[in-house]
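Student: Provide a 3D model corresponding to the input given below.
(chains A and B)
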Amino acid sequence: MKVLEEHQLYDIGERVIGAQDLDMLRENANLNGESFSGKMSKLGSEYAKWYARLRVLPPELTNAIDHGYVYVHDLDQYALGTTNCIFIPFGRLLRDGFNTGNGSVRTPQTIMSAMALVAIIFQSQQNSQFGGVSANKIDWDLAPYVARSFRKHLRKGLRLFEEEIESSLSDDELHMANPHLQEVCPRSYAFAREETETETRQAAESLIHNLNTMSSRAGGQIPFTSLNYGMCTSAEGRLVTQSLLEATIRGLGSGETPIFPQHIFQCKEGINQAEGDINYDLFLRAVECSSRRMYPNFVNVDATFNLPFYRADDPDTIIATMGCRTRTISDRFGRNRQSGKGNLSFNTINLVRLGIEYGICTGKRLTPDRDRFDARLEEVMRIAVDGLIHRYQIQTSQPAKASDFMMREGVWEGGEQLAPDDKVGGVLKHGTLSIGFIGLAECMKALYGKHHGEDDFVYREAQRIITSMRVYCDRMSEHHNLNITLFATPAEGLSGKFTLLDQRDFGIIPEVNDREYYTNSFHIPVYYTLPAARKISLEAPFHNLCNAGAISYIELDGNARNNPDAFLKIVQYALHQNIGYFSINHPVDRCTECGYEGIIGTSCPQCGTDEEHTHFQRLRRVTGYLTGDYTVRFNAAKQAEVRDRVKHK
Amino acid sequence: MNLCGYIPESLNEGYGLRSVVFISGCRHACPGCFNPESWSFRAGEPFTPQRQQEVIRDIMENPLLDGLTLCGGDPFFSAAECSQFVRDFREACPDRTVWAYTGFVYEDLLTDQERQELALLCDVIVDGRFVEQQKDLTLPFRGSRNQRLVDVKASIQAGYTVSLT
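Tutor: Down below sits the predicted model:
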C-alpha cells in the first residue's frame, strides 16, 4: 500500500511538470495550465484530489465516482471545506468600507474609486472560495457614487462659473435628474453632467481592464467575475449600465473582446422590454453589445419561477445569476434574496450510464426497463446527496478565519458576527447544495433509441425523469432541512470524462457514447438540426424544473453584429417562452494582424492575410463564460463539441 | 426551375432571421463568384410546387423568421416561375418580407416585363454583379461595394432608385 501511494504521488508530479497530460492541464479553459503558475496550482490541486479520495471521501461516493455514476465538482477543494460561489453585497461593502486583511478601505467618494474598489473586492473574495464571484445589481450598488461624483463636479462648476445655489439645498437634492439645478446654475450643471459621464465611462473601462488583468488563485487564474444589471432607472444607475455596455463594446486595449467579466442583463417587462419602457434603450444597447461580444446574457425576471421573489422596493430580490447559470435566490430559512450567499457545492449525475444499463441500446431488451432505471436513479441521487451533506459538514466545521475576508466582512451574510476561531457552522445554511446532471439527450438515446428533440413521447419521458429528480431534491430539502436544488450542470472538465468511463465499460455505442463528449444537462444536442424557435420551446420547460439554474443557447452562424434585429427577436422570443437565462452563441474571430473582428474563414476579410501566416483568435463560449482562443485553451472534448455545434443560420 | 440550396434560418441574407432559397441557374458568370456550381439550370433538385409549399409552410410555422430571401444562381433568370412562388408566399405570409439577390442592376430589371413583375413583388433587392476588384466582405449582406440594397417600395414612390439606409 505504501509503495503504491508513493508511486501515485510521483505520478502526479510527472503528469503536471512534464505536461504529459494536456487535457488535465486544460481542464479549465480559463486557467493557463501550461504556465509555471498554472502548473504550481495544478500540483496542489492534483495532490488535494488524491488526498481527498484516499482519506476523506465516503467510500460509497468514491465508488460511485470510479464507476462513472457521480462526479464531484472541485474535488481538490473537498478536504479543505471551501465553498463554491457568492453574490457579493457590494452596496454594503462600499457604503461601510471594508478591510482586505492588510489594510482598511474607506467609503469611496467618486465613481472612479468605487469601480476600482469593486475589482479589489472581487479579487479579495475570490481567494476565499473556488467558484464564481458575482454582483447581483451593480447598477444599484454604484449609483450613489455616480451621485457623489456629480456633486463634486457641480461644486467645482459653481466655483469656476461663479454661479450660486440656495444654501438650503441638501446634498440629496444635488443630483443629475433635478431640473431645478439646470435652471439656477445651467453652466455648472452642464459641466458637472459632462464630467460625471466622462468619469463613469473611464471608471467602467478601467474596471473591465482590471477584471481581465488581475490574477488570483496562486496567480494562475483570473477571478470568475459576473455583473448583473439593467433595472436601475435612476439617472445615475442608468449611467452605470450604459458605461459598462459601452466599455465592453469598445473592447480592451486593441479593441478585442474582454473575456471577463461575464455580463448579465436583467430583463423585466415595464422596465426595459418595450418601446416606452424607461430602460428600453439600455436593453437595445445590451442586445447590440451581445451581438458583438457574445454577452450580456439575458436573465428573465418575469419568468414564472423568478417573478414571485421580486419586490419592486428591494433590488436584492431581482433575479441574478452567476455567469455560469447558478441560481440561488430561494432559501428555506427565509433569506429569499440575492446577495450575501451562494452555492456551496454540487455533484453531477451521469444520466447516460443509467440509460445504457436499462435501455434498449445494448440489445439486451426490446423496451427500456424504466422501473429499474427510476430505482437506480434514486439510489445514485441518494449517494450524491449524502456526498453533499458529508462535504457540508466539512464546510461548516471550518473556522471563520479560513475564509477571512468572506466572513469578517460579512460578504457571506452573518459571517461578520463570528470570531476568527468560531466555526462558520449555521451561517452557511442559507446557501444551496445542488445535484446536477449531464447527458439527458444521450440517456434518452440509450433508453429509447431517440432523444427528446426527435420524438414527442421520448420528450415527455425526458421531462418525467427530470421532474422526478427535482421532486427528489425537494424531498431531500425537507429531510435534511437544507436548500437542496436541481442543477443543469455547467460541464466543462466533465464533458468528456463520463464518456471515457462509459466507453471503457460498455464499448462504443453509436449515437450514445461515440462522440468525445456528452450533451450538457437537458440541452438538445448541438449536432441536431432544428429551428431555433423549436429548440427554445423544447428546452424552456426544463428551466422551471432546474431551480439551481439552467441556461439555453442558440447557435448563430453569421456576422450577428450586422443583424441586431434578428438577435433582439430571438432573445425576446426566449424570454416569452419562460426561459430563465438565455444567450446566443456566434463566432467571434479576430485577426491578430489588423484587429478585424467578425467571422474569419481561412483568410481575413479586411487585410487578406491567411491562416498560414497569421494566428486567428477564435473566441467561443464554455459553461457560460467566454474563454480565450478555444483552439488553444479548450480540452479535447470541448473542442470536439464546438466542431459539432449546429448553427441556426 | 431547380433549387440548389435551402437554409431554413439565416442571419446573412437580409435583416432579421430569414429563410433562404437558392434558385439554380445564372448566366452572369462573375469572376470570383462564391457559388459557380449554381450557374447550371440543372443544378440541385426540381423546385416542385410541393417543395415550394413545404418551404412556405416552414416559414409560416417559424415565429422567428422575418421572411424569405431568394438567392442563386440568379432568381431573375427564372423570373416567371419565381413570381408565382413569391405570390403564393405573400398570400400565405402577408406579414413577412421578401428579399432577392440578382446580378442585374435594378433599373434594368424594370425594362423586362417578367423581371419587373418579380422585382415589384420584392421588398428589397440586392442588385449588381459581383465585382472581384470591389470585393468587401465587411459590408452587410453584400459581396462587393458596387452592389446596392434597393428599397423597392420607396423607389417606386420616389420614381428613382432608393437604397436602404
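Student: okay, which residue is most central for chain B?
Tutor: B:Ala100 (1.9 Å; C-alpha atoms, centre = their mean).
Student: How far does stretch A:514-524 sit from its chain's centre?
Tutor: The chain centre lies 19 Å from the centre of stretch A:514-524; the measure is C-alpha atoms, centre = their mean, to the nearest Å.
Student: So for that stretch, first residue to last residue, what's the gap.
Tutor: For stretch A:514-524, the first-to-last residue distance is 17 Å (C-alpha to C-alpha, to the nearest Å).
Student: What are the buried residues along that stretch?
Tutor: Within stretch A:514-524, the residues scored as buried using 16 or more other C-beta atoms under 10 Å in any protein chain shown are A:515-524. The C-beta positions use only the backbone N, C-alpha and C, and glycine is treated the same way.
Student: I'd like to know which of those residues is nearest to B:Arg115.
Tutor: A:Ile524 (42.4 Å; C-beta to C-beta).
Student: quick one: contacts for that closest one?
Tutor: A:Ile524 is in contact with A:441, A:451-453, A:530, A:535, A:538-539, counting by C-beta atoms under 8 Å, 6 or more residues apart in numbering or on different chains.
Student: count of residues packed around the closest residue to it other than its chain neighbours?
Tutor: The shortest distance from A:Ile524 to any non-neighbouring residue, by C-beta to C-beta, 6 or more residues apart in numbering or on different chains, is to A:Gly453 (4.0 Å). By the criterion of other C-beta atoms under 10 Å in any protein chain shown, A:Gly453 has 21 neighbours.
Student: What of B:Gly73?
Tutor: 31.
Student: Residue of the stretch 151-300 of chain A nearest chain B, please.
Tutor: A:Ser291 (9.6 Å; C-beta to the nearest C-beta).
Student: Can you name the helix or strand that the residue in the stretch 401-550 of chain A positioned nearest to chain B falls in?
Tutor: Here the stretch 401-550 of chain A gets closest to chain B at one residue, A:Ala533, 4.7 Å apart by C-beta to the nearest C-beta. Assigned by DSSP states H and E, A:Ala533 falls within helix A:532-545.
Student: In that helix, which residues are buried?
Tutor: Buried positions in helix A:532-545, judged by neighbour count with 16+ other C-beta under 10 Å: A:532-545.
Student: residues in chain B within reach of chain A, list them.
Tutor: Residues of chain B lying close to chain A by C-beta under 8 Å from any C-beta of the partner chain are B:7-12, B:15-17, B:58, B:62-64, B:66, B:136-138, B:140-141.
Student: Show me these that map onto helices.
Tutor: Members of the residues of chain B next to chain A lying in helices (criterion: DSSP state H): B:Asp58.
Student: And the helices in chain B, which stretches?
Tutor: Using DSSP H, helices in chain B cover B:49-61, B:79-92, B:106-109, B:113-120, B:152-158.
Student: Quick one: distance of the third one to the chain centre.
Tutor: Relative to its parent chain, helix B:106-109 has a centroid offset of 14 Å by C-alpha atoms, centre = their mean.
Student: For the lowest-mean-pLDDT helix or strand in chain B, enumerate the helices and strands it packs against.
Tutor: For chain B, using mean pLDDT, DSSP states H and E, the weakest element among its helices and strands is strand B:2-10, scoring a mean of 93. For strand B:2-10, the elements it packs on are strand B:17-23, strand B:45-46, helix B:49-61, strand B:65-72, judged by 3 or more C-beta pairs under 8 Å, 6 or more residues apart in numbering or on different chains; DSSP states H and E.
Student: CSV please, covering these and showing mean neighbour count and mean pLDDT.
Tutor: Shown next, in CSV, are those (neighbours: other C-beta atoms under 10 Å in any protein chain shown; pLDDT from 0 to 100):
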stretch, mean neighbour count, mean pLDDT
strand B:17-23, 25, 95
strand B:45-46, 12, 96
helix B:49-61, 15, 96
strand B:65-72, 25, 95
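Student: Export the ones you listed as JSON lines, with columns for distance to A:Lys445.
Tutor: Shown next, in JSON lines, are the helices and strands packed on strand B:2-10 (distance: least, C-beta to C-beta, whole Å):
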{"stretch": "strand B:17-23", "distance to A:Lys445": "29"}
{"stretch": "strand B:45-46", "distance to A:Lys445": "30"}
{"stretch": "helix B:49-61", "distance to A:Lys445": "26"}
{"stretch": "strand B:65-72", "distance to A:Lys445": "30"}
